[in-house]
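Enquirer: How does the following fold in three dimensions:
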Amino acid sequence: MARFKLAQVKVSRTALLALAYFTYLLFGATIFQMLEREAENNNRNHFQLEKLHFLANYTCLDGPALEKFVQVILDAWEKGVNPSGNSTNPTNWDFSSSFFFAGTVITTIGYGNLSPSTVTGQVFCVFYALCGIPLNLAFLKQLGKCLAVHLGRLERGVVSFVPHKVQQALAVSFFFFVGSLLVLVIPPLLFSYVEGWTFGEGFYFAFITLSTIGFGDYVVGTDPDKEYISLYRSLAGVWIIFALGWLALIFNMGARVMEHVVVLTHPGFKKQKEEEEDVSSSKPEDISKI
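Expert: Here you go, the predicted model:
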């Protein structure tokens, strides 16, 4: 009977999580469609009108020739070549840019605006990612542990007469505030200043990058009309790596908070978790006797 109840709780938990997951996806799809579809249609119509005006002004060109030229531009963009400007545009494969690209590979951000175009580069990228992604996960895990240790010291540094729960809340709040300032406020301000973005665009780039979504619509150091310092993209890569460790810890803390909320609202989940922990901590010979 107890096993039946445990299985029932497991099914309920899985079903609840699946329902919440797909509901969230449907909600996001609906909102994105409402916000972006009309703008996409406007942009598409504007582009078609511009092509018609171009053909009307330059009668020596016909439609197929223009379409071929547009395809050449798209191919250049997909290979990381900015079609605007001239041949003096800065290279995408200097050391600073290559370091930045290597960071986007092992962190699985993958902006998509730049990729290897040679067969040897593509093969190397595959094996580099196979070895680098586990290394990146191990490094971020260790970095998260170091940040957790500092968070623990911060909790112990809070005045002793304050209740323990209040100490934790104060320490976590201070840790979140300082981390947000160093990761999600100051860097977007710097990116906005250097790239000519608004702060909202800089913040959007920072979060999309650190969440490893990496759309590639905003990438630092790609404007051919700007002169960047040689280490600009390398410093951005270092910021990404350390900020990922902080954000991973924040996400982990958020997951724990959600787990506590679920346990409070569904007491059966707590009993299930305790039984699962007992089973996982049991010796193999003990499990075989069950």
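Enquirer: quick one: buried residues of stretch 237-251?
Expert: Buried residues in stretch 237-251, counted by 16 or more other Cβ atoms under 10 Å: Gly237, Trp239, Ile240, Ala243, Leu244, Gly245, Trp246, Leu247, Ala248, Leu249, Ile250. C-betas here are computed from N, CA, C, even on glycine.
Enquirer: Out of those residues, list just those in helices.
Expert: With DSSP state H as the criterion, helices contain Gly237, Trp239, Ile240, Ala243, Leu244, Gly245, Trp246, Leu247, Ala248, Leu249, Ile250 from among those.
Enquirer: want to try a markdown table for the buried residues of stretch 237-251, with pLDDT as columns?
Expert: Listed next are those as a markdown table, based on pLDDT from 0 to 100:
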| residue | pLDDT |
| --- | --- |
| Gly237 | 90 |
| Trp239 | 93 |
| Ile240 | 93 |
| Ala243 | 91 |
| Leu244 | 90 |
| Gly245 | 86 |
| Trp246 | 87 |
| Leu247 | 84 |
| Ala248 | 81 |
| Leu249 | 82 |
| Ile250 | 82 |
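Enquirer: thinking in terms of the whole chain, how far from its middle is stretch 93-105?
Expert: Mean C-alpha position of stretch 93-105 versus that of the full chain (Cα atoms, centre = their mean, to the nearest Å) differs by 17 Å.
Enquirer: what does it contact?
Expert: 91-92, 109-111, 114, 125, 128-129, 132, 214, 220-221, 230-234, 236-237, 240-241 (Cβ atoms under 8 Å, 6 or more residues apart in numbering).
Enquirer: Show me the shaky parts of the stretch 1-150 of the chain.
Expert: 1-13, 78-90 (pLDDT under 70).
Enquirer: residue ranges of the helices in it, please?
Expert: 2-57, 63-78, 95-106, 119-157 (DSSP state H, counting those that start in this stretch).
Enquirer: Please consider this matter closed, and thank you.
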